[in-house]
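Undergrad: 3D model of this:
(2 chains, ligands or ions: 2)
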Amino acid sequence: MTADNNTTFKIDASGIYYRDLNEKLRELIANGTHNIELINICGQRYIGTDLDKPVNIDIYGTPGNDMGAFMNGPVITVYGNAQDGCGNTMNEGKIIIHGHAGDITGLSARGGKIFIKEGVGYRAGIHMKEYKEKKPVLVIGGTAQDFAGEYMAGGIMVLLGLNLREGEKYPAKFIGTGMHGGVIYLRGGVEDYQLGKEVGIAELDEKDREILNQLVAEFCAYFSYGIETIMNRNFIKLYPRYLRPYGRLYAY
Amino acid sequence: MKTLLTSKFAVIRDPEKCIQCQVCVNQCSFNANYFDAEENEVKSRNENCVDCQRCVVFCPTMAITITNTPLEYRYHRNWTASVIDDINKQAETGGVLLTGMGTDKDYPVYWDHLLLNASQVTNPSIDPLREPMELVTYLGSKPQKLEIDERTLELRTKMPPQVKLNVPVMFSAMSYGAVSLNVQKSLAKAATEIGTMWNTGEGGLHSSLKKYGSNTIVQVASGRFGVHSEYLNSGRMVEIKIGQGAKPGIGGHLPGEKVSSEVSLTRMIPEGSDAISPAPHHDIYSIEDLLQLIHALKEATNYTKPISVKIAAVHNAAAIASGIVRGGADMVVIDGFRGATGAAPKIIRDNVGIPIELALASVDSRLREEGIRNKASIVISGGIRNSGDVIKAIALGADAVYIGTSALIALGCHVCQQCHTGKCAWGICTSDLKLTKRINPDVGSQRLINLLRGWSLEIKDILGGLGVNSIESLRGNRLHLRGVGLSDSELEILGVRPAGR
Ligand code: SF4
Ligand code: SF4
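TA: Ligands and ions are numbered 1, 2, ... in the order given. From the prediction side, this is the model:
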């Protein structure tokens, strides 16, 4: 995703401390730079945090934890894998990862989109929220581990499981435990025991299909998949059975 | 199911004084007063009265008295009225008992066992009416040493961000949703005028309060409601809420009924849905994880704001506080078990946590022993009632205190402990628009300003009496305190000598 026509600013990040790196990014962006390329990234944390302009940042290497935390606008593309907390409490912007990501991907996200080519760790999309039109999106090409969508309060999560062989089961358990908002579209199927007790299963309706088609098309554009190879299998919709899971817990 | 609960209070109306004006009917949000049209007379339903005193204060002829209901359960040391009532409530509903405010149980209040010193003869006391008395306090991490350029006499050390308080008393976290917008407005306005801080709590910052930003502490809790970069940057300080004294170890559920359209906008969740704050932060399972969030917030605010971490006072508070400071926090807040809440399970409010006085003393001692006390300010909260408590807290080692309940009482709260019902007759912790307009932010902020003015004058008086002219000279100076009626181990933990020695 390189939208702007001005030149790309390149930084060789080898040996640069995260604080200095992020300082540099803030400075560049304040000066109007739109396209930044970071090479030799190795574990630097918080890349993209505190950035609130729709700039493009391409990362080569392995960014550290909390990449894009609280981020508000940039488009970050990682040619490599991301670690834990990617997109933590993100508000706006896009994260595209040509590899896999660690635990709590998209934690508490309020908006923006995250696309991950391969799998993610535990508790992906936990406590994502939404408000009216503002809905975070998390699309995971591979598989998510246990507790994906835990406490989910809003937003859209798509679990494609493209790495699963024919007949192989989705590996995650406790999907959507405590879920009270949002929706999960899962390619293939799951057994009841893999779901949190607050989660219901339904067929996709017209509107769901429309949303899913769009998101899958975007995923395919980033990672060069054919749409048909993804849409050739059935999807199920996981939804919260109660908006107020704890409504009857108390005595007054 | 027929309820086996009995009335706790009786509304007594003096027939000589009552003019049947129905003010009490309109004022009571618990539906305890009504007008009987047939008999053309104002009457009461005692079983609904919670003794909030609203009707008593507003009756124009002062005709109303509320008493404990004359029907007393037969005395039993173990099976008290409140135990019997709680069992009945649970037998009738099968739920977790919910309550509001801080614990009403009879645990020791250590402030009442600590006494202050005063100068006599050898070290003259100072008259604050005649001489300057410094109450200004700076919150934030302090460097180990200062380097000064010898030629220009300018400071070479880069100071971490500091927050200046004119009075070492701030308003503690009370979220929009738990309290009404008018309450937050009163607090924000008063804090700005006094030169102290108010705290958003975990419900985000309403757009109308942004103008008070330089006197605002914005909170980040496990629910991450209303947290985004603009929010983080609109306050003067960011506080990570790990725990709360009234309910250590558990999260919170703001019931859907309280999530009105304005609350939903500020929290950025759909109207009417429960706002669930999970028990842990999902990205914090260790001190290392906390360090990561502290630094994420420093990055997100470009190192311009101190980052505070608030925990409940629990058994290992000292070791936890040490980890928090080593994790890079600029301020540690410890909330004692008397701290109040908008809603908490009663069993937790009344049984979990430790007294703030002991937690404060042990945290301050621990940080000193480890040589890291300068790295973070210590702020305490949970049941601070007056300037005496404030000054004792500072002598025990606190940099400043937070007040919640005291501030609400200044706004009208009569501590009826019904905050969780959403029906607060004083218009404080409710989102019912009919009730919230009972708080006028202009009047409210003036009452708060008056309260802290009174406390400041008293603190200056006490400092003068101690023979010091600055609050700094008192901080952590436990020699100014003596204990009465305390055991040896209590004295040892508090680090104070018994009175007379
Ligand atoms: S206003 Fe308060 S004190 Fe008066 S009757 Fe109602 S609940 Fe009781
Ligand atoms: S805030 Fe309201 S409901 Fe809560 S204790 Fe005070 S008067 Fe009662």
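
Undergrad: phi, psi of residue A:22?
TA: phi -70, psi -30 (degrees, to the nearest 10).

Undergrad: what's around it, how many residues?
TA: By the criterion of other C-beta atoms under 10 Å in any protein chain shown, residue A:22 has 21 neighbours. C-beta: built from backbone N, CA, C; applies to glycine.

Undergrad: Could you verify my assumption that it touches residue A:50?
TA: Yes - with contact defined as C-beta atoms under 8 Å, residue A:22 reaches residue A:50; the gap is 7.2 Å.

Undergrad: any common contacting residues for the two?
TA: By C-beta atoms under 8 Å, 6 or more residues apart in numbering or on different chains, residue A:22 and residue A:50 have these common neighbours: residue B:299.

Undergrad: Just name the shakiest helix or strand of chain A by mean pLDDT.
TA: strand A:250-251 (a mean of 77; mean pLDDT, DSSP states H and E).

Undergrad: What lies in contact with that strand?
TA: By C-beta under 8 Å, 6+ apart, strand A:250-251 touches B:89, B:90, B:92, B:93, B:94, B:95, B:96, B:97, B:98.

Undergrad: swap the cut-off to 7 Å and go again
TA: Residues outside strand A:250-251 that contact it (C-beta atoms under 7 Å, 6 or more residues apart in numbering or on different chains) are B:89, B:90, B:93, B:95, B:96, B:97, B:98.

Undergrad: Which ones, among those residues, also lie beside chain A?
TA: Restricting these to those within reach of chain A (C-beta under 7 Å from any C-beta of the partner chain) leaves B:89, B:90, B:93, B:95, B:96, B:97, B:98.

Undergrad: Identify the residues contacting the third one.
TA: So that's residue B:93. residue A:251.

Undergrad: And the fifth one, by the same measure?
TA: Taking C-beta under 7 Å, 6+ apart as the contact definition, residue B:96 lies against A:249, A:250, A:251, B:345.

Undergrad: Check whether stretch B:42-61 comes near chain A.
TA: No - shown here: stretch B:42-61 not in contact with chain A (C-beta under 7 Å from any C-beta), separated by at least 11.2 Å.

Undergrad: Only the buried residues of that stretch, if you could.
TA: Neighbour-count burial for stretch B:42-61, with 16 or more other C-beta atoms under 10 Å in any protein chain shown as criterion, is recorded at B:42, B:44, B:46, B:49-56, B:58-59.

Undergrad: from those, which are also near ligand 2?
TA: residue B:52 (C-beta under 6 Å from any ligand atom).

Undergrad: which ones among the buried residues of stretch B:42-61 are found in helices?
TA: B:54, B:55, B:56, B:58 (DSSP state H).

Undergrad: tell me the contacts of the third one?
TA: With contacts taken as C-beta under 7 Å, 6+ apart, residue B:56 has the following neighbours: B:64, B:65, B:66.

Undergrad: Now the residue nearest the centre of chain B. Nearest residue, chain neighbours left out?
TA: What sits nearest the mean C-alpha location of chain B, by C-alpha atoms, centre = their mean, is residue B:404, with 2.8 Å. Distances taken as C-beta to C-beta, 6 or more residues apart in numbering or on different chains put residue B:172 closest to residue B:404, at 4.0 Å, once the chain neighbours are dropped.

Undergrad: cool, residue B:291 as well?
TA: residue B:327 (3.8 Å).

Undergrad: show me the contacts for the one you found.
TA: Residue B:327 makes contact with B:287, B:290, B:291, B:294, according to C-beta under 7 Å, 6+ apart.

Undergrad: measure the last one to residue B:377 for me?
TA: Yep, that's residue B:294 we're talking about. According to C-beta to C-beta, to the nearest Å, residue B:294 stands 14 Å off from residue B:377.

Undergrad: Just want to know which of those two has more residues nearby.
TA: residue B:377 (25 against 21).

Undergrad: Quick check, the more buried one in contact with residue B:397.
TA: No - counting by C-beta atoms under 7 Å, residue B:377 stays clear of residue B:397, with 10.6 Å between them.

Undergrad: which stretches of the stretch 51-200 of chain B form strands?
TA: B:64-68, B:96-99, B:114-116, B:137-139, B:163-165, B:169-171, B:198-199 (DSSP state E, counting those that start in this stretch).

Undergrad: tell me what the third one is packed against?
TA: Secondary-structure packing of strand B:114-116 (3 or more C-beta pairs under 7 Å, 6 or more residues apart in numbering or on different chains; DSSP states H and E): helix B:387-396, strand B:481-483.

Undergrad: what sits up against it?
TA: Here strand B:114-116 makes contact (C-beta under 7 Å, 6+ apart) with B:391, B:392, B:462, B:480, B:481, B:482, B:483, B:484, B:496, B:499.

Undergrad: Output the residues you listed as JSON lines; include the columns distance to residue B:38 and neighbour count.
TA: Putting the contacts of strand B:114-116 into JSON lines (distance: C-beta to C-beta, whole Å; neighbours: other C-beta atoms under 10 Å in any protein chain shown) gives the following:
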{"residue": "B:391", "distance to residue B:38": "58", "neighbour count": "26"}
{"residue": "B:392", "distance to residue B:38": "58", "neighbour count": "26"}
{"residue": "B:462", "distance to residue B:38": "60", "neighbour count": "22"}
{"residue": "B:480", "distance to residue B:38": "66", "neighbour count": "24"}
{"residue": "B:481", "distance to residue B:38": "63", "neighbour count": "22"}
{"residue": "B:482", "distance to residue B:38": "65", "neighbour count": "19"}
{"residue": "B:483", "distance to residue B:38": "63", "neighbour count": "20"}
{"residue": "B:484", "distance to residue B:38": "60", "neighbour count": "11"}
{"residue": "B:496", "distance to residue B:38": "65", "neighbour count": "24"}
{"residue": "B:499", "distance to residue B:38": "65", "neighbour count": "14"}
